[in-house]
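pasting a predicted model and its sequence here:
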There are 8 protein chains.
Amino acid sequence: MKKKNKVLVGVIVGSRSDLPFMEETIKILKSFEIPYELKVLSAHRNPAETSEYAKKAEKRGIKLIIAAAGLSAHLAGALAAKTILPVIGVPLPSEPLGGIDSFLSTLQMPSGVPVATMSIGKAGARNSAILAAEILSLKYPRIKKRLREYKKKMATTNLAN
Amino acid sequence: MKKKNKVLVGVIVGSRSDLPFMEETIKILKSFEIPYELKVLSAHRNPAETSEYAKKAEKRGIKLIIAAAGLSAHLAGALAAKTILPVIGVPLPSEPLGGIDSFLSTLQMPSGVPVATMSIGKAGARNSAILAAEILSLKYPRIKKRLREYKKKMATTNLAN
Amino acid sequence: MKKKNKVLVGVIVGSRSDLPFMEETIKILKSFEIPYELKVLSAHRNPAETSEYAKKAEKRGIKLIIAAAGLSAHLAGALAAKTILPVIGVPLPSEPLGGIDSFLSTLQMPSGVPVATMSIGKAGARNSAILAAEILSLKYPRIKKRLREYKKKMATTNLAN
Amino acid sequence: MKKKNKVLVGVIVGSRSDLPFMEETIKILKSFEIPYELKVLSAHRNPAETSEYAKKAEKRGIKLIIAAAGLSAHLAGALAAKTILPVIGVPLPSEPLGGIDSFLSTLQMPSGVPVATMSIGKAGARNSAILAAEILSLKYPRIKKRLREYKKKMATTNLAN
Amino acid sequence: MKKKNKVLVGVIVGSRSDLPFMEETIKILKSFEIPYELKVLSAHRNPAETSEYAKKAEKRGIKLIIAAAGLSAHLAGALAAKTILPVIGVPLPSEPLGGIDSFLSTLQMPSGVPVATMSIGKAGARNSAILAAEILSLKYPRIKKRLREYKKKMATTNLAN
Amino acid sequence: MKKKNKVLVGVIVGSRSDLPFMEETIKILKSFEIPYELKVLSAHRNPAETSEYAKKAEKRGIKLIIAAAGLSAHLAGALAAKTILPVIGVPLPSEPLGGIDSFLSTLQMPSGVPVATMSIGKAGARNSAILAAEILSLKYPRIKKRLREYKKKMATTNLAN
Amino acid sequence: MKKKNKVLVGVIVGSRSDLPFMEETIKILKSFEIPYELKVLSAHRNPAETSEYAKKAEKRGIKLIIAAAGLSAHLAGALAAKTILPVIGVPLPSEPLGGIDSFLSTLQMPSGVPVATMSIGKAGARNSAILAAEILSLKYPRIKKRLREYKKKMATTNLAN
Amino acid sequence: MKKKNKVLVGVIVGSRSDLPFMEETIKILKSFEIPYELKVLSAHRNPAETSEYAKKAEKRGIKLIIAAAGLSAHLAGALAAKTILPVIGVPLPSEPLGGIDSFLSTLQMPSGVPVATMSIGKAGARNSAILAAEILSLKYPRIKKRLREYKKKMATTNLAN
C-alpha cells in the first residue's frame, strides 16, 4: 500500500489462519495500485470491533470492504449489516465440508443486506480484488485503465498456453 | 408468561414471518411455566439492537436465549458472540434449499462460540423449549418436575398410539 | 424508468419466465430512481446478442449489469466475460434441484472473471438492486441518500413488527 | 479431574478412535476445573451399557453429558432417550462423507428428545466444553468466572494476531 | 396375519404417522401369507420397550425385523444393536430434507451392526417385504413359490404397460 | 473357503481395483466358515456374464449374493434383477464424489427389486459378511453360533478399549 | 412416426409413469420427421427384454437409443452395456430426492461405457431429441436442415419474448 | 493424429491445467485413428475465440466437439450455443467441491441446447472419446470396426482380471 494514498479497500479476515488465501487478493490490489488495509477481525470473537470497523469505514473514506471467512461465515454479513458500502464476501474452504458451509452462510443473505459473494477459496480471493477494481473504476479512471490491461493480458496468456 | 415471574428465557426470531414456528417453543415453555419473552430482532437488519439485547440479557436475569432464523441464519451466532449465556439455535426451513443453508449457518460455529443447534423447523422449535427446561432444571426443581412428567407422558402417548 | 435519464443499470434475464423474479429488482431500482433497462437475452439461445450487449454496455453509459438465470446459469458469467463493468448474478430456483445448479453455475467463476453472486430467488433479486445502489453511491450522491433512507426504514420496520 | 470433586460432566465416545477429537474437550474442561469422566461406549456395540450409563447419570450427580460419534451417530440420541440431563452432541467427521452423515444423525432428533448439536470435529469438541461451562455457570459461580476470563482472552488473542 | 401362524416378521415404526408408508409393506407380506406383527415403538421416546422388543424377538420365533423411521432414524440401528436377527431399515422421507437425514442415519451403520437399508419411502416399504420374502425363502419353500410368482407377474405387468 | 463345502455366498466385485475393500468381507466370511466364491464381473463391461451368474446362482446352491461397486454402481441391482436370492449391495467410495454416486445408485432401487444396501466402503464390506451370517443363521445353526460369539466379542472389545 | 420409414431412434422408458416426460422427446422427433419407436422396458423388472432390445437394435437399423428412468436409473447404462450405438440418458425427477439419485446413476458411468446424459426431466427430454437430431445430421441432410431451422426459430422466439 | 486426415473431432479445454485429464481422451481417439485437434480456449477468458471456434467448426469439417472444464463449467454450453454439431461435455473435478459445480453447470442445460454430459474426470474423459467413436460410427465404418474391437477387448480384460 502506497503511503500517502488514502485507503480505499478494507480487507478483513476472520482469523490469522485465513491470511494465505487473502494474499491472492492483496497481490492483485497492489498490482492495480489500489490502497488497502488488512485487518483480522472475527464476527464471533470480536463482535464489537467488527461492528465498529463497519460503522466507521465510510467516514474514513473506505469505498468497499472485502471479507473472507470459513465455517458458518458470518463476517461479511455482519459487516454488511453496519454499513452502506458494498461488501464482497469470499467463502473460505475448510475441512470437512470443503466450504459448503461458508458459501451458504455468505451467500444466502436476507432481503435488504446483500453480500457480493465470490467463488470459494483462492479463485474467489483473486476475484474479490478484480470486482473491487471494477467497482472503483466507476470513479477512478486510473484503476479502470489497469483493469483493462489486466483483462487483455489474461485473455492472451490463456491462449498462449 | 406469569406476571410476577422474572423472565428466564429470551426467545428471539429474525423476522415476524418466523413466529409460527416459535409458537411451538412457546406452547411448551408455557406448559412448563417457564417465564419467557419474545422479540423480533434481525442480526442483519437490527444489528445494534441484537447486540444490545445479548449484552444485557445476563444482567436482566435471563438464563438462556433461544434464537430462530432462516437462510444464512446468523442470529444465534451473533447473540452467542455477545453473551456467556447458553444460546440455543433453531434453523428454520425456507425455499428453495429447505434449511440446508440455515442449519449449516447455525451449526458450524468456530471454536469458542458454541450454539446448541436443534433440528430444523417445528421439531427443533419444540426441542429448544425442552432443552431449555433440561438446562434450567439444574437450578429450578419445579421445572425438573415438569420435565420429568412431560417425558413420561411422551413415552406413554407414543406407545398408546 | 425516468425518460430523460441515461440508463445506468442493465437488467438481463435468460427467459421471459424469469421476469416475475426480477420485478423485485425493478421495484427497488425505481424507488431509488435509478434508470435501468430490462432485456430478455439467453446465453444459450442468443449468444451473439448477449455477447454484443455486454461488449457495448460500457460505451452506452451503463455502469453495471444485473443478470438472472436458472439451471446451468451461464448468463452472468457470459456477460462478465465481455465487459469490465461489475456484473451481479441472481441465481433463480427451478425444479427439481431448487437452485443448487444455478447458484453453483453463477458462483464458481474462475480467476479473472468475477460475478457478484446474490442469494437465490426473490431475496437475491431484491438484493441485486440494493447492491447496485451501494455501488452507484460511489459516484451518485442522490442514490446514496436514498439508500441511507432505505436502510433506516428497513431496520425500523423489522423492529416495529 | 480433581480427585475429591464429584463428576459433573460425562464425556462419552463411540469408539477409542474418536478419542483424539475429545482431547480438545477435555483440555478445556480441565482448564475450567470442571470435574469430568471419560467413557468409551457404543450405542450399537454396547447398547445395554450405554443405556445404563444414561439412566444412572443423574442420580450419580452428573449434570450434563457430552457424546461424540461418527457415521450414523446415534450415541447422543441414545443417551438423550434415557435421561433428562442436557445432552451435547459432537458429530465426528469420517471418510468418505466427511461428517454429513454424523451431523444429520445427531441433529435431526424428533420432537421431545433434543440433542444440543455442535459443529463437526475439533471445533465442535472444543465448543462442547464451552457450552458445558455456559450451562454449569447457571449453578456454579466459579465456572462462570473462568468462562468470563476465557471469553475475554479469546477476543484479545484474535485481535493480537 | 393368519391366526394360527407364528409371527415371522416384526414390522416396527417410530410413530403412528409413519403407518401409511408401511401399509405397502403389509400388503405384500399378506399377499405372500407371511405372518407378521406391527408395533409402534420409538428408539427415542420408548428406548426401553424398543430394546426389550429386539432382545426377545428371536426367542419368540421372529425371523427378521423391518424398521421404518424418519429424521435421525435410529430405530433400525437400535434394534440391530440388540439382536442377531437380520434387520431391514426403511428410511422415511420428511420435510424439509426429504429423507437425506433418515437414509444416512439408517445406512451409515458402523462395522459389526449391519442394517439392510432399502430405498426411501413407499418403494423401500414395498421392497422391505420382498427382501423379507427372499430371506425367508431360504427356509420356507411356500414363500419361495409365492415370491417366484410375484417376480414373474411384475415383469409381465411392466411389459404389458 | 473350505474345499468340500458347497459355496453359499457369491461375492462379486465390478473390477479388480475393488478387491481391497472386499478382503474385509472375506476375512469375516472365513472366520465364520461360510463357504464363498469371489468373482470379478462388471454390469457394464460384462453384462452377459453378470446376468448369467445371477440366473444360475440359485440352482448352484448359492444362498445369497454380495455385490460391491463404485460410481453409478449398477452391479447389485443388475444381479437382483435376475435372481430371487437376497442381494446385499456394498457401495464403494471413489473420487471425487466419495460414494454419494455409488450409494444412491445401489440404494434407490424401484419397487419389486430390493438391494440390501450397506454403509459405504470398508465398514459396509464388513457388515455385508455379518448380514450374510445373520441371514444364513436362519438355516445353519453352526453359523448362528459363530455369529453369537462374534457379537459378544465385539461388545467386549469396545468396552475394553 | 411415418409409416414407411425405418425406425432410427429407440425411445425407452423404465415404466409407464415415465411417459409424460418423454412426450416432450417425441414431439420434437416428430417435428423433425425422425422415425422412432417407443418401448416400456425396465432394467430391473425386464432385464432379459432390455438386454435383448439393445443387442438387436443395431441390426434392426436403429441409429441411437434414448433411455429415460428415475431413482437408481440403470436403464441407459444397461442398454449401453449391450450395444455400440450412442445411448442418450434422461434422468427423471422423483420424490423425495428430486432426481439427484437418477442423474448420478445415469451420469457416473465407468470407463468404456458412456451414456450421453441430459439435464433432469422435461428439459432433458427435449434436449435428448435435439441431440439425436444433431447426431443423425452427420448422415441425414434432411434432419440437419430441420435442426438448423429449429435453432434459428428458438433464438428468434426468445428475443421476441 | 494422422497428417493428411481432416480433423473430425475438436477437443477443447478451458485452461492448460485441464490437459492431463484430456490425455485420456486423446489416447483413445488416437487408438481409434480419429483425427482430432486440441485447443485451449476459455469461455470466460477467451469468449470471442471460443465463440468463433464453434461457429466455424462445422464448415471446417469437424463432426463433433468435446469440451472439458471445471468450476462453473460454461465451456461446453458456450460452444453448444454456437453450433449444431453434437457437443460432449466432460466436467472436471476441482477442490473443494470435487466437481459438483462443474457437472451441474455442464449438465443442467436449458431446452434447446443439449450437452452430452460424461462422468466427472478421467472416466468421463475416456468416455468422451468412446462416445465420439460411437457417433462417428454412423458414417465411418472403419471407426465402427475399431470400436467393436475395443468393446470386445474391454469385456475380456475385465474378466481376465
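Great, that's in hand.

now the closest residue to chain E within chain A: closest residue in space, sequence neighbours ignored.
Going by C-beta to the nearest C-beta, chain E is nearest to residue A:100 of chain A, at 13.3 Å. Where C-beta positions appear, they are placed from N, C-alpha and C, glycine not excepted. Closest residue to residue A:100 apart from its sequence neighbours, by C-beta to C-beta, 6 or more residues apart in numbering or on different chains: residue B:104 at 6.8 Å.

how close does the residue nearest the centre of chain A sit to residue A:118?
Residue closest to the average C-alpha location in chain A (C-alpha atoms, centre = their mean): residue A:66, at 2.1 Å. Relative to residue A:118, residue A:66 is positioned 9 Å away (C-beta to C-beta, to the nearest Å).

need the residues touching each of the two.
Residues touching both residue A:66 and residue A:118 (C-beta atoms under 8 Å, 6 or more residues apart in numbering or on different chains): A:88, A:90, A:128.

by neighbour count, which of those wins?
Compared across the shared contacts of residue A:66 and residue A:118, residue A:90 has the highest neighbour count, 37 neighbours, by other C-beta atoms under 10 Å in any protein chain shown.

let me know the secondary structure of the residue nearest to residue A:96 when sequence neighbours are not counted.
Leaving out its chain neighbours, the residue that sits closest to residue A:96 by C-beta to C-beta, 6+ apart is residue D:98, at 3.4 Å. Here residue D:98 is coil, with the state taken from DSSP: H, G, I helix; E, B strand; the rest coil.

got it, and residue A:10?
When classified by three-state DSSP, residue A:10 comes out as strand.

up against chain H, what does chain A have?
Residues of chain A lying close to chain H (C-beta under 8 Å from any C-beta of the partner chain) are A:93, A:98-100, A:119-121, A:123, A:154-155, A:158-159, A:161.

farthest pair within these?
Largest separation among those by C-beta to C-beta: A:100 and A:159, giving 33.7 Å.

neighbour count for these two, which is higher?
Counted by other C-beta under 10 Å, residue A:100 and residue A:159 do not tie: residue A:100 has more neighbours, with 21 against 13.

what's the spacing between the residue of chain A closest to chain E and residue G:48?
Relative to residue G:48, and taking C-beta to C-beta, residue A:100 is found at 43 Å.

okay, now the unreliable bits of chain A?
Residues of chain A meeting the criterion pLDDT under 70: A:1-4, A:161.

residue of it nearest chain D, please.
Relative to chain D, the nearest point of chain A is residue A:96 (3.4 Å; C-beta to the nearest C-beta).

show me the contacts for that residue.
Contacts of residue A:96 (C-beta under 8 Å, 6+ apart): D:93, D:98-99, D:120-121.

in those, which residue is surrounded by the most others?
residue D:120 (27 neighbours).

check contacts around that residue.
Residue D:120 sits next to A:96-97, B:107-108, D:91-93, D:98-99, D:102-103 when contact means C-beta under 8 Å, 6+ apart.

give me the nearest residue to it, chain neighbours excluded.
Per C-beta to C-beta, 6+ apart, closest to residue D:120 is residue D:99, 4.2 Å.

out of the contacts of residue A:96, which is nearest to chain F?
Distances from chain F to the contacts of residue A:96, taken as C-beta to the nearest C-beta, are shortest for residue D:98 (7.4 Å).

thought that closest one was touching residue A:94?
No - contact criterion C-beta atoms under 8 Å: residue D:98 and residue A:94 do not qualify, at 10.9 Å.

any common contacting residues for those two?
The contact sets of residue D:98 and residue A:94 do not overlap (C-beta under 8 Å, 6+ apart).

now the helices: where do they sit in chain A?
Using DSSP state H, the helices of chain A run over A:19-31, A:47-57, A:75-80, A:100-107, A:122-136, A:141-160.

the longest one to helix H:47-57, inter-axis angle?
Using axes from the mean of the first three to the mean of the last three C-alpha atoms, to 10 degrees, the inter-axis angle of helix A:141-160 relative to helix H:47-57 is 40 degrees.

mind exporting the C-alpha coordinates of helix A:141-160 to PDB?
Provided in PDB are the C-alpha atoms of helix A:141-160 (Å, rounded to 0.1, in the frame of the first residue of the first chain):
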ATOM      1  CA  PRO A 141     -10.000   6.300 -14.200                       C
ATOM      2  CA  ARG A 142      -6.500   5.100 -13.400                       C
ATOM      3  CA  ILE A 143      -7.900   1.900 -11.900                       C
ATOM      4  CA  LYS A 144     -10.100   1.400 -14.900                       C
ATOM      5  CA  LYS A 145      -7.000   1.600 -17.100                       C
ATOM      6  CA  ARG A 146      -5.200  -1.000 -15.100                       C
ATOM      7  CA  LEU A 147      -8.200  -3.300 -15.100                       C
ATOM      8  CA  ARG A 148      -8.500  -3.100 -18.900                       C
ATOM      9  CA  GLU A 149      -4.800  -4.000 -19.200                       C
ATOM     10  CA  TYR A 150      -5.200  -6.900 -16.800                       C
ATOM     11  CA  LYS A 151      -8.200  -8.300 -18.700                       C
ATOM     12  CA  LYS A 152      -6.400  -8.100 -22.000                       C
ATOM     13  CA  LYS A 153      -3.300  -9.800 -20.600                       C
ATOM     14  CA  MET A 154      -5.500 -12.600 -19.000                       C
ATOM     15  CA  ALA A 155      -7.000 -13.400 -22.400                       C
ATOM     16  CA  THR A 156      -3.700 -13.500 -24.200                       C
ATOM     17  CA  THR A 157      -2.000 -15.600 -21.500                       C
ATOM     18  CA  ASN A 158      -4.700 -18.300 -21.700                       C
ATOM     19  CA  LEU A 159      -4.500 -18.500 -25.500                       C
ATOM     20  CA  ALA A 160      -0.700 -18.600 -25.400                       C
END
